[in-house]
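Asker: My questions are about this predicted structure, shown below with the sequence.
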Amino acid sequence: MSDRKLLERYAAGEEDAFQAIVSQYKDSVCSFLRRFLDRSDLVEDVFQETFMQLYVSRDMFDLSKPLRPWLFTIAANKAKDALRRNRRIDSTHLGSMFGTEDSSMEDVLNTLDSDTRTPYDNLITDETAAAVHRVISRMPAKLREILILGYFHTFAYAEIAKILRIPVGTVKSRLHTAVARFAEEWNASMLCETTN
């Protein structure tokens with residue numbers, strides 16, 4: 001059943017339609033929150049707050065618009081609130097997997113996307129995934145959220161703009177900055193590992 005039909009049924013008072021929405025989106029919202037928050041103790045609370053907000057806001061939703069961006073807007077805002085409450089916003093700068101200007105954003109994303117080993121052949125996939133997670137967790141919140149939405153959840157620029165309530169140009173610029181900082185920090189962390 002489509003999101004629109006589920007929302008229409010829920011707005012009409014069918015509670016099982018709300019449960020169907022939760023079931024349909026629970027994995028992707030949890031995945032987003034785990035990456036964004038990097039605090040397992042906050043994920044469940046923020047997940048519940050997100051769907052509670054959806055529950056109480058059903059009359060405000062425009063049925064002509066897709067549910068997914070609206071739901072992720074709620075999740076992103078609730079996650080930011082939780083981080084502020086826990087004074088957990090990190091301002092560490094990250095960086096670039098490639099040391100030259102010749103590398104494009106697509107090169108970096110393709111490298112991140114690959115489930116294979118990095119150029120450092122001694123790293124196995126699980127270690128690479130853990131290293132990527134560490135690098136992303138140290139990113140400033142604004143860069144971390146846009147990287148997660150744009151890369152891991154593959155939202156289009158326009159959808160990210162709606163979720164974060166920023167212009168599309170800002171989305172593109174911030175995503176480019178996020179990828180560049182990730183890559184720079186990745187290089188730095190790999191250099192530290194090989195010299196230790």
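Answerer: Great, that's in hand.

Asker: what helix or strand is Tyr25 on?
Answerer: helix 15-37 (DSSP states H and E).

Asker: List the buried residues in that helix.
Answerer: 17-18, 20-21, 24-25, 29-30, 32-37 (16 or more other CB atoms under 10 Å). C-betas here are computed from N, CA, C, even on glycine.

Asker: Out of those residues, which comes closest to Asn86?
Answerer: Distance to Asn86, by CB to CB, is smallest for Leu37 among the buried residues of helix 15-37, at 9.1 Å.

Asker: picking that back up, name the next helix or strand downstream of the helix holding Tyr25, please.
Answerer: Note on helix 15-37: by DSSP H and E, the next helix or strand toward the C-terminus is helix 40-56.

Asker: Okay, buried residues for that next one please.
Answerer: With burial defined by 16+ other CB under 10 Å, the residues of helix 40-56 counted as buried are 42-43, 46-47, 49-51, 54.

Asker: any idea how the chain splits into domains?
Answerer: 3-85, 105-195 (automatic domain parsing).

Asker: By mean pLDDT, show me the worst of those domains.
Answerer: Lowest mean pLDDT of those: domain 105-195, a mean of 72.

Asker: What segments of the chain are helices?
Answerer: Remark: helices assigned in the chain by DSSP state H are 3-11, 15-37, 40-56, 67-85, 105-113, 125-137, 141-147, 157-164, 168-195.

Asker: picking that back up, helices or strands up against the helix holding Tyr25?
Answerer: Under the contact criterion of 3 or more CB pairs under 8 Å, 6 or more residues apart in numbering; DSSP states H and E, helix 15-37 touches helix 3-11, helix 40-56, helix 67-85, helix 141-147.

Asker: Run the chain-centre distance for the shortest one.
Answerer: Centroid displacement of helix 141-147 relative to its chain, using CA atoms, centre = their mean, to the nearest Å, is 7 Å.

Asker: residues making contact with it?
Answerer: 35-36, 76, 79-80, 83, 89-90, 94, 136-137, 139, 160, 164, 171, 174-175, 177-179, 181-182 (CB atoms under 8 Å, 6 or more residues apart in numbering).

Asker: Put the alpha carbons of that helix into CSV.
Answerer: Taking C-alpha atoms only, helix 141-147 is exported to CSV below (Å, rounded to 0.1, in the frame of the first residue of the first chain):
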residue,chain,number,x,y,z
ALA,A,141,26.8,17.6,12.7
LYS,A,142,25.9,19.6,9.6
LEU,A,143,28.3,17.7,7.5
ARG,A,144,27.6,14.3,9.0
GLU,A,145,23.8,14.7,8.4
ILE,A,146,24.2,15.8,4.8
LEU,A,147,26.6,13.0,4.0
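
Asker: Determine which residue lies closest to the centroid of the protein.
Answerer: Centroid-nearest residue in the chain, with CA atoms, centre = their mean: Ile148, separated by 2.7 Å.

Asker: so who does that residue touch?
Answerer: Ile148 makes contacts with 32, 35-36, 136, as judged by CB under 8 Å, 6+ apart.
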